[in-house]
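Asker: any chance you could fold what I've pasted below:
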Amino acid sequence: QVQLVESGGGLVQAGGSLRLSCAASGSIFSINAMGWYRQAPGKQREWVAAFTSGGRTNYADFVKGRFTIARDNAKNSVYLQMNSLKPEDTAVYYCHADKVRHTPTGYGNDYWGQGTQVTVSS
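Answerer: Residues are numbered from 1 along each chain as shown. From the prediction side, this is the model:
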C-alpha cells in the first residue's frame with residue numbers, strides 16, 4: 001500500500017504565504033502525476049495544480065501566478081508554494097498521486113492524502 005502524508009497547513013493572514021508538502025511512501029515503482037486539490041466548507045473538491053511525470057506543471061486559473069507546484073521524484077514528494085493568499089483560498093488541501101505503480105508492469109492506482117487545513121484570515 002501507499003500512504004501520502006501532507007504537512008504545512010495553518011492559519012495565515014491575507015497576502016501571506018504557506019508551503020505545503022506531501023510525501024508518498026510504501027510500495028512505489030513509479031508515479032504518473034502528483035498534485036493538489038482543495039475542498040472548502042460546503043463546496044465540492046476542486047483541482048488546484050498538478051506536476052506530471054514528464055515535468056509539466058498545470059494550474060487552475062484561480063491560482064495562476066500565486067501558487068507554484070514542485071516535485072522531487074527521488075523523494076516521491078510534491079510541494080505547493082502558496083503566495084498572495086486570499087480568504088477564498090481557505091480549504092482543506094489534499095495531495096493526490098495519479099497512477100502509482102507498484103511494479104514495472106502494473107496498471108497503477110490513485111491515492112489521496114488525509115488533507116491539511118489552510119485558513120486565510122481577512
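Asker: report the central residue of this protein.
Answerer: W36 (2.6 Å; C-alpha atoms, centre = their mean).
Asker: where does it fall, helix, sheet strand or coil?
Answerer: Three-state assignment for W36 (DSSP: H, G, I helix; E, B strand; the rest coil): strand.
Asker: now do it, the pLDDT please.
Answerer: Note for W36: predicted pLDDT of 98.
Asker: helix/strand/coil for the closest residue to it other than its chain neighbours?
Answerer: Nearest residue to W36, sequence neighbours excluded (C-beta to C-beta, 6 or more residues apart in numbering): V48, at 4.4 Å. For the C-beta atoms, the positions are set from N, CA and C on the backbone; glycine is no exception. The assignment at V48 comes out as strand when based on three-state DSSP.
Asker: contact partners for V48?
Answerer: By C-beta atoms under 8 Å, 6 or more residues apart in numbering, V48 lies in contact with G35, W36, Y37, R38, Y59, A60, V63, F67, L80, Y93.
Asker: pick the one among those residues closest to R101.
Answerer: The closest of the contacts of V48 to R101 turns out to be G35 (C-beta to C-beta; 16.9 Å).
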